[in-house]
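Engineer: missing the sequence, but the structure's below:
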Ligand SMILES: Cc1cc2nc3c(=O)[nH]c(=O)nc-3n(C[C@H](O)[C@H](O)[C@H](O)COP(=O)(O)OP(=O)(O)OC[C@H]3O[C@@H](n4cnc5c(N)ncnc54)[C@H](O)[C@@H]3O)c2cc1C
């Protein structure tokens with residue numbers, strides 16, 4: 001009942017959803033990770049088909065999503081084991097329930113089961129890097145704007161939270177939306193908690209942060225090239 005494809009990509013064949021991983025429905029995670037597979041893959045596929053990005057971008061689909069699927073398989077196996085009716089398993093279940101009475105364990109499990117704790121390994125850096133952009137209440141042009149509204153067009157977005165106009169994306173301007181915004185509240189991530197406010201964030205169409213500005217544009221050109229293809 002618990003199986004995962006060894007690879008999510010072989011040439012032109014790509015696996016997503018239950019075709020890539022199947023597990024008992026405990027925790028109601030299957031549909032969510034299947035949709036997240038598709039969201040991770042969709043924009044990459046579009047860019048490769050349009051030839052704005054090299055074919056190798058598709059390999060990041062397996063690299064990012066296979067570990068997420070493996071983790072879900074792992075946690076569902078553990079949950080199934082805890083459902084055994086023997087005395088020892090019941091005692092183990094009591095211990096697990098006690099641990100889940102602590103905030104840290106509860107937050108960790110909630111982040112894992114909801115998928116909000118997913119972290120793609122995009123290298124060293126700010127904790128936002130490779131994590132899901134929080135749906136912040138931004139202000140742009142003196143008007144309120146929810147951050148996720150910026151993702152409705154399924155395009156990459158660079159949110160400049162520093163001085164308006166200080167970021168120039170030059171030859172990526174046709175592919176990446178650049179928006180000046182401000183945000184006054186805390187940047188709080190599931191499981192991680194409050195993090196240092198960035199001065200800019202580059203958000204991929206799947207909602208994950210591809211680059212974080214911390215007062216400079218260091219690394220921005222590399223991130224734009226890596227995720228959205230070489231400049232026009
Ligand atoms: C009892 C049960 C309870 C569940 N509860 C939850 C839950 O609470 N929360 C949750 O997130 N997930 C739950 N899941 C898991 C969830 O249903 C699946 O993870 C999800 O439906 C997978 O979606 P999918 O599109 O990848 O595959 P599927 O939903 O299996 O869709 C594949 C489709 O392809 C079609 N198809 C197959 N072969 C061909 C072919 N050759 N040509 C054309 N079409 C074809 C099939 O008919 C099907 O319509 C549950 C699953 C089960 C079995």
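Structural biologist: Everything's here; your move. Small disclaimer: the values here were computed from a predicted structure and weren't measured.
Engineer: which of the three states applies to the closest residue in space to residue 178 that isn't next to it in sequence?
Structural biologist: Spatial nearest neighbour of residue 178, chain neighbours left out: residue 158 (4.8 Å); criterion: C-beta to C-beta, 6 or more residues apart in numbering. Yep, even glycine has a C-beta here, placed from its N, CA and C like the rest. Under DSSP: H, G, I helix; E, B strand; the rest coil, the three-state class of residue 158 is strand.
Engineer: residue 119 contacts residue 112, correct?
Structural biologist: No - if you go by C-beta atoms under 8 Å, residue 119 and residue 112 don't touch, sitting 10.9 Å apart.
Engineer: sorry, back to before: the residue nearest to residue 178 is in contact with residue 201, isn't it?
Structural biologist: Yes - contact criterion C-beta under 8 Å: residue 158 and residue 201 qualify, at 7.5 Å.
Engineer: state which one residue of the chain is found closest to the ligand.
Structural biologist: Closest to the ligand within the chain is residue 17: 2.2 Å, counting by C-beta to the nearest ligand atom.
Engineer: now that residue. Nearest residue, chain neighbours left out?
Structural biologist: residue 34 (3.2 Å).
Engineer: pLDDT on the one helix or strand the one you found maps to, on average?
Structural biologist: Using DSSP states H and E, residue 34 sits within helix 30-49. In this model, helix 30-49 has a mean pLDDT of 97.
Engineer: any residues of the protein in contact with the ligand? List them.
Structural biologist: For the chain, the residues in contact with the ligand (C-beta under 6 Å from any ligand atom) are 17-19, 25, 28-32, 34.
Engineer: farthest-separated two in these?
Structural biologist: 19 and 28 (18.9 Å; C-beta to C-beta).
Engineer: which one's more surrounded, those two?
Structural biologist: Between residue 19 and residue 28, counting by other C-beta atoms under 10 Å, residue 19 is the more crowded of the two (12 against 9).
Engineer: is it true that the more buried one touches residue 5?
Structural biologist: Yes - using C-beta under 8 Å, residue 19 is in contact with residue 5, at 7.4 Å.
Engineer: any regions of this structure where pLDDT drops low?
Structural biologist: Applying pLDDT under 70 to the chain flags no residue at all.
Engineer: now do the strands in it.
Structural biologist: 3-4, 9-10, 13-14, 21-22, 137-140, 143-146, 157-160, 177-180, 187-189, 193-195, 200-203, 209-213 (DSSP state E).
Engineer: coming back round to it: residue 70: which of the residues of the chain next to the ligand is nearest?
Structural biologist: For the residues of the chain next to the ligand, the nearest to residue 70 is residue 29 (12.6 Å; C-beta to C-beta).
Engineer: residues in contact with the closest one?
Structural biologist: Residue 29 makes contacts with 23, 72, 75-76, 113, 115, as judged by C-beta atoms under 8 Å, 6 or more residues apart in numbering.
Engineer: which members of these occur in helices, if any?
Structural biologist: Secondary structure from DSSP state H places 72, 75-76, 113 of the contacts of residue 29 in helices.
Engineer: gap between the residue lying farthest from the centre of the chain and residue 80?
Structural biologist: Here the chain reaches farthest from its C-alpha mean at residue 87, the gap being 39.6 Å by C-alpha atoms, centre = their mean. The gap separating residue 87 from residue 80 is 18 Å, by C-beta to C-beta, to the nearest Å.
Engineer: and residue 6, its phi and psi?
Structural biologist: The phi/psi pair for residue 6 (degrees, to the nearest 10) reads phi -60, psi -40.
Engineer: and it, how many neighbours?
Structural biologist: 7.
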